[in-house]
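Peer 1: need a structure here:
(chains A and B)
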Amino acid sequence: MTPNAETNRSLPRQKRGLRTRLTGMANSSTFVGYLFVAPILILMGIWFYYPLVQSFIYSFQDISFLNPDAAKFVGFSNYIEIVKDKDFWTALRHSLLLTVVAVPLQAIIALVIAVNLNKVLRFKGVFRTLYYMPYITSTIAVTTVFMYLFMQNDGVVTQFLTWFGFPDVSWYANVKYALPFLMILTIWTYTGFYMVVYLGGLQTIPNDIYEAGVVDGANGWQQFWKLTVPMLKPVTYLVIMSGIINVMQLFDQPYALARNGSLGSPAGATSTIVTYFYSQAFSFNRSGYGSAAAFIIFALILVLSMLQRRFMKEEI
Amino acid sequence: MTDSRKAQFLRYLLLFMFSVFFIVPFGYAIYTSLLSKSDIGHLVLPSRWTFENYIDIFTTSDILIWYKNSIIVTFGILIGNLIVNTMAAYSLARLNYRGRGVVFFLVIGMMMVPYQVMIIPIFSMIVDLKWLNTYQGLIIPFLFQGFLVFLMRQFFLTVPKELEEAAEVDGLNKIGIFFRIMLPLSKGAIGTQIIFSFTGTWNSFVWPVTLVNDSRWYVMTVGLNTLKNRYFEWPNLTMTGVVLLTVPIIIVFLLFQRHMVQGIATTGLKG
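Peer 2: Coordinates of the predicted model:
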């Protein structure tokens, strides 16, 4: 009984010690700081940075999912093979074409809508919600709907466009019209989102700037070009930047419109750098080659965003 | 500054024209989903509309299972993100310790790398773990997001320091401050996280199509894609699938859209 009594008496003291230690820790910026970033550090390490390094190593290897143990280092030959591949350049041309057409167009339409919506007195919220809906709708759902709208014979939009001299074809299945189809799809999806971004920007422009403009005799058109557009420059930068990233990453839409055919259908007309990457990696099981393609996409996006930053800075 | 009546009219006209451009695809999907087979491609009155496609799709396809999968995956990822991102953001915004700058750099750095770089090794990891066609395979790799950490951190930075100091005087420790002061204040920012995470996961396609190859484990987006390929000649059926995939996201959006606009304003305009 004595030893038991001993422990009983000493227990409260131990408990108090532990509690003060714990409160001390809960008060310590360092301890709580590490505690709170621990989950993301662990998850990030396993599911982001480890694969990132792994992929970089793969990109210098001849390796396949089917037989990963037979991997061997091949230096830069994956990268060289990509640069020599005609299909890669076709895909890159498509991606750049989509970017060059869709990104400025969606930015311009978004700006025009936003400027007008900003000045309208009623139903602002209703219009904004409406314009925003395409962006939150699944890409697969949108592509499916657009395929029916742009179908031969029965497609409502196809029929409408024949009045303007366009042929009655299924746009998504036609080698000549599949890429424009993707462009329309992209613009329809993203414009509303950028409109909301512009609307936010417009609300930060102080009203007295316009009042000063009116005193100086600027008409509406001049106000738009001389005041609104320059004041929105940072927003435009963001819109273009995010547009480039989104369009260069286009994948779901060409995947969905290929149906059961190979990625990039019809006949490679809708291949993008990401569908190129994906079919190398997951249709042909070339993990090493696919990883090299992934790093080329990464580099391309970095270069494009740096170019854009320089371009826009010079303009200011 | 103030518009004339004519100018206001022209603005509404323009906005209305754009509305048509945005509404037609939604209208087409809803309308076509209500047509019987014999009415496909025709304009018919509401009296001929029918819900038989909805009944058909629920009884003949696996759509209920796909719905369940989508809901489980979306909520799993959502809850994980709320916990992991919010904790990390508080730590990065308000606590001082060695290495904080490095952690912040690692978190922000994730935003720059496109997913293509990670998907091959992650696919291999999922295969090695035997997580192909499992919920954990679709959830665990996606429990954190650099962009949302950044967004939460931006919010926590705006909370006045005096609030914390007062709480410390009252005897709250750092963990108490997080739960009793910061979390109640950040309902709006958490709303923003909810809508971004929810829409991102519900609509995601490339990951679930890569990490699942058994139709019982499909999520809604992958399910709709196969439905479309199988029943392409029956637009009434595929459009029913489109409506069923889209309705939940529209509801969530209408509930939380205020927060989405706020989120764009706080993070976007900083860029």
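
Peer 1: from now on I want contacts and neighbour counts done on CA atoms only, so please keep to that.
Peer 2: OK.

Peer 1: tell me the helices and strands packed up against the helix or strand hosting residue A:98.
Peer 2: Element membership for residue A:98, per DSSP states H and E: helix A:86-119. The contact analysis (3 or more C-alpha pairs under 8 Å, 6 or more residues apart in numbering or on different chains; DSSP states H and E) places helix A:86-119 against helix A:124-136, helix A:178-202, helix A:233-248, helix A:273-278, helix B:5-33.

Peer 1: who's in contact with residue A:269?
Peer 2: Shown in contact with residue A:269 (C-alpha atoms under 8 Å, 6 or more residues apart in numbering or on different chains): A:175-176, A:178-179.

Peer 1: can I get the residues you listed in a markdown table including neighbour count, distance to residue B:120 and pLDDT?
Peer 2: Formatted as a markdown table, these follow (neighbours: other C-alpha atoms under 10 Å in any protein chain shown; distance: C-alpha to C-alpha, whole Å; pLDDT from 0 to 100):
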| residue | neighbour count | distance to residue B:120 | pLDDT |
| --- | --- | --- | --- |
| A:175 | 15 | 30 | 94 |
| A:176 | 13 | 32 | 94 |
| A:178 | 22 | 28 | 95 |
| A:179 | 23 | 27 | 96 |
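
Peer 1: intersect the residues you listed with the contacts of chain B.
Peer 2: Checked against chain B using C-alpha under 8 Å from any C-alpha of the partner chain, the contacts of residue A:269 give no members in range.

Peer 1: and those, which is closest to chain B?
Peer 2: residue A:178 (17.6 Å; C-alpha to the nearest C-alpha).

Peer 1: which one is the closest one nearest to, not counting chain neighbours?
Peer 2: With sequence-adjacent residues excluded and distances taken as C-alpha to C-alpha, 6 or more residues apart in numbering or on different chains, residue A:178 is closest to residue A:172, at 4.5 Å.

Peer 1: do residue A:259 as well
Peer 2: Using C-alpha to C-alpha, 6+ apart, the nearest residue to residue A:259 is residue B:229, at 5.6 Å.

Peer 1: so what's the gap between the host helix or strand of that neighbour and the chain middle?
Peer 2: Per DSSP H and E, residue B:229 falls inside helix B:220-230. Between the centre of helix B:220-230 and the centre of its chain there are 19 Å (C-alpha atoms, centre = their mean, to the nearest Å).

Peer 1: mean confidence score for it?
Peer 2: Summarised as a single mean, pLDDT over helix B:220-230 is 95.

Peer 1: need the next SSE after it, C-terminal direction.
Peer 2: Taking DSSP H and E, what comes next after helix B:220-230 is helix B:235-263.

Peer 1: what's the angle from that following helix to helix A:124-136?
Peer 2: Helix B:235-263 and helix A:124-136 meet at an angle of 120 degrees, taking axes from the mean of the first three to the mean of the last three C-alpha atoms, to 10 degrees as the criterion.

Peer 1: hmm, back to that, in a strand, the residue nearest to residue A:178, correct?
Peer 2: No. Per DSSP: H, G, I helix; E, B strand; the rest coil, residue A:172 lies outside any strand segment and is helix.

Peer 1: let me see the contact set for it.
Peer 2: Contact analysis of residue A:172 by C-alpha under 8 Å, 6+ apart lists A:147, A:150-151, A:178-179, A:181-182, A:257, A:266.

Peer 1: residue B:76: which element?
Peer 2: Per DSSP H and E: residue B:76 is located in helix B:63-94.

Peer 1: what residues of the next helix or strand after that helix count as buried?
Peer 2: Counting by DSSP H and E, the element after helix B:63-94 in chain order, helix or strand, is helix B:100-109. Across helix B:100-109, burial judged by 16 or more other C-alpha atoms under 10 Å in any protein chain shown covers B:100, B:103-104, B:106-108.

Peer 1: and which of those residues is nearest to residue B:59?
Peer 2: residue B:107 (45.1 Å; C-alpha to C-alpha).

Peer 1: so which residue is dead centre in chain B?
Peer 2: residue B:199 (1.3 Å; C-alpha atoms, centre = their mean).

Peer 1: surely that one and residue A:136 touch.
Peer 2: Yes. Judged on C-alpha atoms under 8 Å, residue B:199 makes contact with residue A:136 at a distance of 6.4 Å.

Peer 1: identify the contacts common to those two.
Peer 2: residue B:249.

Peer 1: hmm, back to that, just want the angle from the helix holding residue A:98 to helix B:5-33.
Peer 2: Using the same axes, to 10 degrees: helix A:86-119 against helix B:5-33 is 130 degrees.

Peer 1: taking helix A:178-202 as reference, get the angle to helix A:86-119.
Peer 2: Angle between the axes of helix A:86-119 and helix A:178-202 is 40 degrees (criterion: the same axes, to 10 degrees).

Peer 1: buried ones in helix A:86-119, by neighbour count?
Peer 2: Here helix A:86-119 shows A:87-92, A:94-99, A:102-104, A:106-111, A:113-117, A:119 as buried, counting by 16+ other C-alpha under 10 Å.

Peer 1: tell me which parts of the stretch 201-316 of chain A are close to chain B?
Peer 2: Residues of the stretch 201-316 of chain A lying near chain B (C-alpha under 8 Å from any C-alpha): A:201, A:210-211, A:214, A:234-235, A:238, A:252, A:256, A:259-260, A:274, A:277, A:281, A:287, A:290-291, A:294-295, A:297-298.

Peer 1: again, only using 6 Å
Peer 2: Selection of the stretch 201-316 of chain A residues close to chain B by C-alpha under 6 Å from any C-alpha of the partner chain yields A:259, A:294.

Peer 1: give me the number of neighbouring residues for the residue of the stretch 201-316 of chain A found nearest chain B.
Peer 2: Per C-alpha to the nearest C-alpha, residue A:294 is where the stretch 201-316 of chain A lies closest to chain B, at 5.0 Å. By other C-alpha atoms under 10 Å in any protein chain shown, 29 other residues sit near residue A:294.

Peer 1: sweet, I'm off.
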